[in-house]
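# everything below, folded, please.
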Amino acid sequence: MRTADLLPLAVAVPLLGAVVLVIGGRWLPRVAIDSLAAAWATLEVACLVLLWARTGDGHSVSWVGGWHPVRGESVGIVLAGDRIGVGLALLTSALVLAVVVYSWRYFDEPPARHAGVFPALILLFEAGMCGFALTGDLFDAFVFFELMGAVAYALTGYRIEDPRPVQGALIFGIVNSLGAYCSLLGIGLLYARTGELGFAQIGLKLAGHRYDALLVVAFVLVVTGLLVKAAVVPFHFWLPDAHSVAPTPVCMLLSGVMVELGVYGTVRVYWTVFSGPHGIAQPHLRAVFVAAGVLTALVGAVMCWQQRHLKRMLAFSTIGHVGLFLVGMALLTPAGTAGVALYVAAHAGVKAALFATTGVLLDRHGSVDEHGLHGRGRDLPLAGAMFALGGLALAGLPPFGTALGKAVTEHAGEERFPWLPAVFVLVSAATGGAVLRASARIFAGAGPRPRERYAGPETTGTGEEPEIRDPQRRIPVPMLAVPAVLLCASLAVGLLPGVGHALARAARQFTDRTAYTAAIFGHIVAPSSPVPDTAWTAEGVLLALASTALAVLLASAAVWGARWPGAARVGPVCRAVGREVILPLRRLHSGHLGDYVAWLAVGVAVFLVVMAV
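The predicted structure is shown next:
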């Protein structure tokens, strides 16, 4: 099979699998359906592994239907993959396989005619995400974006008997759809200017136009939908509401890879479309997006620390780390991109593992409330160990891949922004420390039982419906095996030098606009920049250890700090900060759809202003 044939096959396999599962779900038993879903997910992984190997350090291009360009003019649909795009699709397929295996015997037995619906939706979700990562066409990126979103809405509100998932799915759907409409308007402006829809073709046509207001408006509108999907502040409000009510396997995909696709899409659009000689200036774009990334990281970290609802805690942690990913990509250098690639690959395993162990708690105790679960997780030592290990990995404990990705990104940015390592350390420590605090209280019963301050089930995580039929059953082996494998995979990203070297070469290729454009039209151009270094450094290890130590200190202070000397003097200061700074921030996350739409409009206006200056 030719390499070009693997690109459409990577999208077709999960689509065909979804059809087979929906039809087979009417007659096959549940075990057969689960086995069939796992087989299709495995086939997709094998297809993308083969595509990754054959793509090498170049590009794979497929003109669907054989509609090749004629004299530089094209009307066909193009799929194009380099190792960043193919690698992201491979990461997606690996997480989908993990979710499919984790979901064996996870839900109540549904009626026979509906047994294949959930795994079919998962495979449709996979098709949308893989197509988005591999497309070379702006309009098809929008189509895959909408497929991904529509299926995600259905998965979030999968349990329609409970009104909370339905509300979360509606908020998710409406906010993301408004962002998608903005992207469609931007695509329309670009098509009116250039008459093209392919990334490379639009970039070539824009190279002959001067930088003007239309280009600015088109860029802001196109990336608005992507930034909404990535949950970048102030477009992030939908994400914690959706995560708190979505089924646990769905959360593993939403936080593990879907929001990262938004960051990927934003930077892909810039490099292929807007980075030409008359495009958007790099220093200006770098300043704007680094500022947006830092704001997102800090808001996510602060809000993560404030949560007692475990799913919301992990959701805000995702927002914090997405901010760090955006900062790394906004450096617009191969080194920054390589660091983020490592960070994303490792973070996906860690975050999916943390949601998976949260699902074990929900399975056993029907709650995800940190305070209400105090000491009740002592009967789950393996889950507790994995939850704590995940917290340490989020904090940046070497040799996890999260620590290596963080270190490479910090080093790439400290020359232009010397203060950047401090942001990475603080955000990693706050998000990791929140998880360690919850781990100590739930699985070890550490510290006094927190005082009960009820604020509603959507905030505390009480009143949750278990996602299984019998809470007293033995925990299925896949629910513990999957997070263990995911954590080991994250560890492997930091331990295996070959992973870092491959992603460093991929980052060099990803940031080379000339090589991408040449590959679309059947030419090969040698890379013009050196391969960035992704090896461990003494500085990176020290910063990683510092963020880990700070995370442990924060968690210890939260659990036992009331007994420490001087706590009486520090307490009033902390309460004043909470009252004046944190409480207003928490009130912004109101759960009201109108507020979130208003913030989306404010965000678009702000980005238009700052990009136009």
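
# shouldn't Leu79 be in contact with Val64?
Yes - assessed by Cβ atoms under 8 Å, Leu79 is found in contact with Val64 at 6.5 Å. (Each C-beta comes from the backbone N, C-alpha and C, glycine too.)

# more crowded one of those two?
More crowded of Leu79 and Val64, by other Cβ atoms under 10 Å: Leu79, with 22 against 15.

# tell me the phi and psi of that one?
Torsion angles at Leu79 (phi, psi; degrees, to the nearest 10) stand at phi -110, psi 130.

# which residue is the nearest non-sequential neighbour of it?
Using Cβ to Cβ, 6 or more residues apart in numbering and skipping residues adjacent in sequence, the residue nearest Leu79 is Leu7, 4.1 Å away.

# quick one, what contacts the one you found?
Listed by Cβ atoms under 8 Å, 6 or more residues apart in numbering, the contact partners of Leu7 are Leu51, Ser60, Val61, Ser62, Leu79, Ala80, Gly81, Leu134.

# hmm, back to that, common neighbours of Leu79 and Val64, please.
Common neighbours of Leu79 and Val64 (Cβ under 8 Å, 6+ apart) are Pro8.

# quick one: low-confidence ranges for the stretch 501-613 of the chain?
Along the stretch 501-613 of the chain, the parts satisfying pLDDT under 70 run over 526-528, 561-580.

# 80 - rerun?
The stretch 501-613 of the chain contains residues with pLDDT under 80 at 522-529, 561-582, 612-613.

# so where do the helices sit in it?
513-520, 538-560, 567-577, 583-588, 593-612 (DSSP state H, counting those that start in this stretch).

# report the buried residues of the last one.
Of the residues in helix 593-612, those buried under the neighbour-count criterion (16 or more other Cβ atoms under 10 Å) are Leu593, Tyr596, Trp599, Leu600, Gly603, Val604, Phe607, Leu608, Met611.

# quick check: phi and psi at the nearest residue to the second one once chain neighbours are set aside.
Just to be clear, that refers to Tyr596. Spatial nearest neighbour of Tyr596, chain neighbours left out: Phe237 (4.3 Å); criterion: Cβ to Cβ, 6+ apart. When quoted as degrees, to the nearest 10, the phi and psi of Phe237 stand at phi -60, psi -30.

# spit out the contact partners of Phe237.
Contacts of Phe237 (Cβ under 8 Å, 6+ apart): Val175, Leu588, His589, Asp595, Tyr596, Trp599.

# circling back to that earlier point, tabulate the contacts of Leu7 (TSV), appending distance to Ser367 and secondary structure.
What follows is those, written out as TSV (distance: Cβ to Cβ, whole Å; DSSP: H, G, I helix; E, B strand; the rest coil):
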residue	distance to Ser367	secondary structure
Leu51	42	helix
Ser60	47	strand
Val61	50	strand
Ser62	48	strand
Leu79	45	strand
Ala80	46	strand
Gly81	43	strand
Leu134	40	helix
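
# and of those residues, the nearest to Val22?
Closest to Val22 out of the contacts of Leu7 is Leu134 (24.0 Å), distances taken as Cβ to Cβ.

# tell me how many other residues crowd that closest one.
Leu134 has 27 nearby residues by other Cβ under 10 Å.

# unless I'm mixing things up, it is touching Leu6, no?
No - checked against Cβ under 8 Å, the pair Leu134 and Leu6 is beyond contact range at 9.7 Å.

# next structured bit after the helix or strand of the chain with the lowest mean pLDDT?
For the chain, using mean pLDDT, DSSP states H and E, the weakest element among its helices and strands is helix 457-460, scoring a mean of 46. Using DSSP states H and E, the helix or strand that follows helix 457-460 towards the C-terminus is helix 477-495.

# C-alpha coordinates for that following helix, PDB please?
Provided in PDB are the C-alpha atoms of helix 477-495 (Å, rounded to 0.1, in the frame of the first residue of the first chain):
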ATOM      1  CA  VAL A 477      -9.200  -5.100  35.700                       C
ATOM      2  CA  PRO A 478      -9.100  -2.700  32.700                       C
ATOM      3  CA  MET A 479     -10.100   0.200  34.900                       C
ATOM      4  CA  LEU A 480      -6.900  -0.200  36.800                       C
ATOM      5  CA  ALA A 481      -4.700  -1.500  34.000                       C
ATOM      6  CA  VAL A 482      -5.400   1.300  31.600                       C
ATOM      7  CA  PRO A 483      -4.200   4.200  33.900                       C
ATOM      8  CA  ALA A 484      -1.100   2.200  34.800                       C
ATOM      9  CA  VAL A 485      -0.200   1.700  31.100                       C
ATOM     10  CA  LEU A 486      -0.800   5.400  30.400                       C
ATOM     11  CA  LEU A 487       1.400   6.500  33.300                       C
ATOM     12  CA  CYS A 488       4.100   4.200  32.000                       C
ATOM     13  CA  ALA A 489       3.800   5.700  28.500                       C
ATOM     14  CA  SER A 490       4.300   9.200  30.000                       C
ATOM     15  CA  LEU A 491       7.400   8.000  31.800                       C
ATOM     16  CA  ALA A 492       8.700   6.400  28.500                       C
ATOM     17  CA  VAL A 493       8.400   9.800  26.800                       C
ATOM     18  CA  GLY A 494      11.000  11.200  29.300                       C
ATOM     19  CA  LEU A 495      13.200   8.100  29.400                       C
END
